[in-house]
Structures are given as structure tokens and as C-alpha cells.
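Novice: my questions concern the predicted model and sequence given below.
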Amino acid sequence: MGVYARAPLAFERGEGVRLITEDGTEYLDAMAGIAVNALGHSHPKLVAALAEQGGKLWHTSNIFRIPGQERLATLLTDHTFADVVFFTNSGTEAIECAVKAARKHHWANGQPERIDIIGFDGSFHGRTLAAVNASGNETYLEGFGPKMPGFVAAQFGDHDALRALVGPTTAAIILEPVQGEGGARSWPEADLQAIRRLCDETGTLLIYDEIQCGLGRTGKLFAHEWAEGAAPDIMTVAKALGGGFPVGACLATADAAKGMTPGSHGSTYGGNPLAMAVGIAAVEELVKPELLAHVRDVAGYFVQQISGLKDRYPDVVVDIRGKGLLIGVKLATPNREFMQLARDQHLLIAGGGDNCVRLLPPLVITQDEAREAVEKLERACEAARQKAKAAA
Ligand code: PLP
């Protein structure tokens, strides 16, 4: 189906932060499949895990115990607020699980009327009907029938308005601690703490979507950890969880997941042995404190260098935002055009809302590679300037 406006480019293989076309042309990958290839391409541990499991066992069924699932769930719960995990094949399925778990929690508590999920403008939670309704973005809803009941739209950053929206039918508040598709917009830590308190006061569940900003991307294992005392009740992860193998997860406290009893939810593939082998290898790397420290260092370097670009090219670069290696650059020139100018320099970057481009390189990017990315970005800025001059 014609749902993608694809760039006229295809790759044959990848190594670290490089993607290589069939004719051997190298591109510096500063988007990592939109925050997926967190450990870079062809990471030897992930390749080995997949190959080893591929020769042993691919799939059984969730009607049996799956030891890899138990291991990965333990890894995740050991490092988070969560007690339990449900594995999926994608981020949006993890969101579905989060929404269902939140509603079922209240149902199990004898409050079946609590169904409303409050989401924020600029958010993105995936493409299933529940996910597009939760984010409320009209572009993704248009033509797909009436808006679903049970989803309420709130304004990013307006706490008084949010407080007024929370009522007897509210089940949960859902947000990305750093909005990805919305243009690398980070929630202030104090706001997350205030929302946590509001949830505690009203018995509302707090769902964080850390599908893009989680698993090391911001320099902490999870982005919400920057805000002390603001842990969620439910959290979705995916993308970096499989480093390119399709896998997602919905994490929850035992209390939040109390309604998720046998038969209430499920998946054929979710958490199968292949996905779990790769997920374990990925998470074992991503939890390493030295990797998280590296992300903070290299992100500091990136932001400092891009600030230099903003000074030298104020006619092109308007603002720098985001957290860690989820960097948003708001542009004066159309972002789609700028992405092509970057590709002309053999640099891959992602688009984003509010006329941003996003840099989401593999977390293992070295400082030298980051310097190379900034040099390419600078040449793209110069090209954008010349283009604007020629058009004037
Ligand atoms: N939530 C966030 C924050 C995302 O960035 C994405 C994907 O970009 C999703 C959910 C949906 O994940 P998936 O495309 O794996 O279904």
C-alpha cells in the first residue's frame, strides 16, 4: 500500500553506525531506524544471539513456558519499577496492552466506568486504532471512522487544564517522557512529578510510552528516571529492545496489571524464543552503566556542536531540543528538504513534528563519528542557506 513517502535509497548491509548501499556507498546513520538500532548495525552479540537461537528453536507457543521470556522479564523488572511484563511484536501492540491493562485494573477494582485515557498533543503512540486515538493527532485519525470513546486530549505542559480533565471516568494518563515524533519535546522533570502526584491523589494510572526515548536513549536506562519519584504504573518499550528484531513489551506493577488474568490478553508471536534471545542480548548491553555514561558524554558533545551551528546558521537552525541522543533541531527551512540535503552529504536523519529533524544515532556512536555527523550537518546547513538565497 502506498502509505510511505519513501526516500529513493536502499541499503544492503550495515556495520556499526554505517549503512552501505549495493554499490558500496556509505552513509552515516544518525537515525538508527528511528531509535531502533541502539547498538548499531550487525552488533556481534546480537548477531550471535540470533544465529544461535535460529539454529535451536524459533517458536513454540505462549501455552508453554518460554524460558527466554522469563529471563528477559526478570532483566527488565530488576532494572525498573515493574513487577510483570507482557511481550509483543511492536510498540503499538505494547500500547494496546497498556490501555487494556489500565482499564481492566479499574474494572477489577469495581470501577468499570473508569475507561478514559488522557493523552497529549504532539504525542505519538503508534498506528492501531487505540494508539491513534490516544495521541489524538488528527492527521492519523482522518478517514478512519469516528473517534473512539474513552480517549481525552490534553495540552502538553498545561497542568491546571490536565487537573480539570481528571474525573470519575479517568483510567490513565499516557505520555512520552520525551516526545519523539512530536519533535523531541521533553517533559520538564517537575511536570512529571506533578503528574505523578495528581495520579496518586486520584487513583489514576500513569502510563509512560518509552518506546522511543527509553532503553538508554537519554543517558539513563529510562527517560523518566531523570525525574525523581515519578515512576509510572505501566510502561511500554520496543524499538531498542530488539535492536532491529521486532519485539516490544508492556511493563507494569502487579497492582496495575491485576486485571490481566489468564485469557484476558495474548499474542501468538509475542515473546517467542527468537525475539527473546535477541532481546536478552540487547538489554544486557543497554543496562551497562558505561554505555549510559557514554550516551551522556557524546550527547553533550553533539548538543554543544549543534549549538555552534545554530550560531553560524541562524537562518537555518532555529532551536535545539530533546534529551540525550534524542536530539531535535527545529529548522527555518522545510525539514523534508533538509533531510534530502543531509542525505546528499551521506548523513541519515529523521523528520519530526514542528518542522524538526531528529538525530537518533546508535548509542554506541563515538565522538569522532559524532564530529563527522556534525560536519555533514554543517554542509547541509550551507546547502540550505544557498538554496534559500537562490530562491529569494
Ligand atoms: N510510541 C512511540 C513513542 C513511538 O515512537 C512509536 C514508533 O515510532 C510507537 C509508539 C509505535 O511503535 P511501532 O511502530 O513499533 O508499533
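Specialist: Alright, I've got the coordinates.
Novice: what residues does the stretch 101-250 of the chain put near the ligand?
Specialist: Contact residues (Cβ under 6 Å from any ligand atom) of the stretch 101-250 of the chain with the ligand: 124-126, 176, 180-181, 209, 211-212, 238. Every residue, glycine included, has its C-beta placed from N, CA and C.
Novice: just put these in a markdown table and tack on neighbour count, secondary structure and distance to residue 306.
Specialist: A markdown table is the format used below for those (neighbours: other Cβ atoms under 10 Å; DSSP: H, G, I helix; E, B strand; the rest coil; distance: Cβ to Cβ, whole Å):
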| residue | neighbour count | secondary structure | distance to residue 306 |
| --- | --- | --- | --- |
| 124 | 25 | coil | 23 |
| 125 | 31 | coil | 28 |
| 126 | 23 | coil | 29 |
| 176 | 29 | coil | 22 |
| 180 | 27 | coil | 18 |
| 181 | 23 | coil | 20 |
| 209 | 31 | strand | 26 |
| 211 | 29 | coil | 24 |
| 212 | 27 | coil | 19 |
| 238 | 28 | coil | 27 |
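Novice: which residues touch the closest residue to residue 204 other than its chain neighbours?
Specialist: For residue 204, ignoring the flanking residues on the chain, the nearest one in space by Cβ to Cβ, 6 or more residues apart in numbering is residue 170 at 5.2 Å. The contact partners of residue 170, by Cβ atoms under 8 Å, 6 or more residues apart in numbering, come to 114, 116, 118, 152, 202, 204.
Novice: give the bridge partners for residue 170, please.
Specialist: With DSSP bridges as the criterion, residue 170 is bridged to residue 116.
Novice: separation between it and residue 132?
Specialist: According to Cβ to Cβ, to the nearest Å, residue 170 and residue 132 sit 20 Å apart.
Novice: and the next helix or strand past the least confident helix or strand in the chain by mean pLDDT?
Specialist: Lowest on mean pLDDT, DSSP states H and E among the helices and strands of the chain sits helix 138-141, with a mean of 91. Downstream of helix 138-141, the next assigned helix or strand under DSSP states H and E is strand 151-154.
Novice: ok now that next one, how far from the chain's centre?
Specialist: Chain-centre distance of strand 151-154: 20 Å, with Cα atoms, centre = their mean, to the nearest Å.
Novice: neighbouring contacts of that strand?
Specialist: Taking Cβ under 8 Å, 6+ apart as the rule, strand 151-154 contacts 116-121, 130, 133-134, 136, 161-162, 165, 170, 173.
Novice: can you pick the most crowded of those residues?
Specialist: When neighbours are taken as other Cβ atoms under 10 Å, the top entry among the contacts of strand 151-154 is residue 134 (32 neighbours).
Novice: quickly find the element holding that residue.
Specialist: Residue 134 belongs to helix 129-135, assigned by DSSP H and E.
Novice: helices or strands next to that helix in the packing?
Specialist: Under the contact definition 3 or more Cβ pairs under 8 Å, 6 or more residues apart in numbering; DSSP states H and E, helix 129-135 sits against helix 91-108, strand 116-120, helix 138-141, strand 151-154.
Novice: much appreciated, bye for now.
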